[in-house]
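Student: what follows is a predicted structure for the sequence shown.
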Amino acid sequence: MRGRVPLLLPVLPQALAWAWAGLVTAQVAASPSWAGSQDRQGQLPAQVHPLARALQAYGFQIRLAPPPKRGAYGLFDSKSRTLWIAPVTIPLGIARQTFLHEAVHAIQSCPSGQLTPLGVSGPLNPVVEREISAILLRNYHHTNRLLEREAFLMQAQPDAVPRLQTLLKQRCRKSSR
Ligand SMILES: [Zn+2]
């Protein structure tokens with residue numbers, strides 16, 4: 001699993017757009033909040049704050065700012081242990097699932113920095129399964145279907161916050177790196 005990706009991406013906006021479980025296909029890059037946005041345009045939903053604080057306690061950075069990848073709603077960079085959540089996800093109503101999705105990738109990166117599965121499983125809507133296939137085809141850095149499947153699965157769970165807090169404690173080390 002590579003770290004940060006955006007700089008080498010080809011100039012094919014369509015190919016770079018991430019669609020979240022078929023919910024949204026609009027280009028973030030085209031929206032006003034993409035261009036001039038800084039950190040702290042709004043806030044993550046209160047229900048995910050405990051997990052956000054826990055991730056920070058374990059040395060992860062959370063940036064409510066456009067990810068360094070055009071058109072992405074969220075991104076996790078394992079090298080810098082940084083999660084980006086695009087501010088536009090707040091008005092779009094997808095901030096919670098975007099954050100949970102990237103939180104899964106963050107926890108997958110423990111303990112070594114290499115992403116490995118958490119071991120969570122469950123049924124996914126066939127539409128979501130197809131969306132994952134499309135993402136895997138479009139993004140060369142996403143090589144492991146299981147990793148992506150876990151992120152999509154957990155982003156939709158009502159009890160994702162406590163479950164991910166538990167997994168964080170089990171897998172990650174406060175002093176790591
Ligand atoms: Zn993902």
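Tutor: Here it is on my side, so go on.

Student: distance of Ala86 from Arg171?
Tutor: For Ala86, the distance to Arg171 equals 26 Å [CB to CB, to the nearest Å]. Placement of C-beta: from N, CA and C, glycine included.

Student: which one of those two is surrounded by more residues?
Tutor: Ala86 (29 against 19; other CB atoms under 10 Å).

Student: wait, doesn't that one sit right on Pro67?
Tutor: Yes: with contacts counted by CB atoms under 8 Å, Ala86 reaches Pro67, the gap being 6.1 Å.

Student: overlap in contacts of the two?
Tutor: Common neighbours of Ala86 and Pro67 are listed as Tyr73, Gly74 (criterion: CB atoms under 8 Å, 6 or more residues apart in numbering).

Student: return the residues of the chain in contact with the ion.
Tutor: Glu148, Ala151 (CB under 5 Å from the ion).

Student: tell me where the chain has helices.
Tutor: Taking DSSP state H as the test, the helices found in the chain are 13-16, 32-35, 49-57, 89-92, 95-108, 126-138, 145-155, 160-171.

Student: next, the buried residues of stretch 162-177.
Tutor: Of the residues in stretch 162-177, Arg163, Leu164, Gln165, Leu167, Leu168, Arg171, Cys172 count as buried by neighbour count, 16 or more other CB atoms under 10 Å.

Student: now these as JSON lines including distance to Leu136 and pLDDT?
Tutor: JSON lines is the format used below for the buried residues of stretch 162-177 (distance: CB to CB, whole Å; pLDDT from 0 to 100):
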{"residue": "Arg163", "distance to Leu136": "24", "pLDDT": "98"}
{"residue": "Leu164", "distance to Leu136": "23", "pLDDT": "98"}
{"residue": "Gln165", "distance to Leu136": "28", "pLDDT": "98"}
{"residue": "Leu167", "distance to Leu136": "23", "pLDDT": "98"}
{"residue": "Leu168", "distance to Leu136": "25", "pLDDT": "98"}
{"residue": "Arg171", "distance to Leu136": "24", "pLDDT": "97"}
{"residue": "Cys172", "distance to Leu136": "26", "pLDDT": "97"}
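
Student: output these in a markdown table; the columns should cover distance to Asn139.
Tutor: Output for the buried residues of stretch 162-177, formatted as a markdown table (distance: CB to CB, whole Å):
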| residue | distance to Asn139 |
| --- | --- |
| Arg163 | 26 |
| Leu164 | 23 |
| Gln165 | 28 |
| Leu167 | 24 |
| Leu168 | 25 |
| Arg171 | 24 |
| Cys172 | 24 |
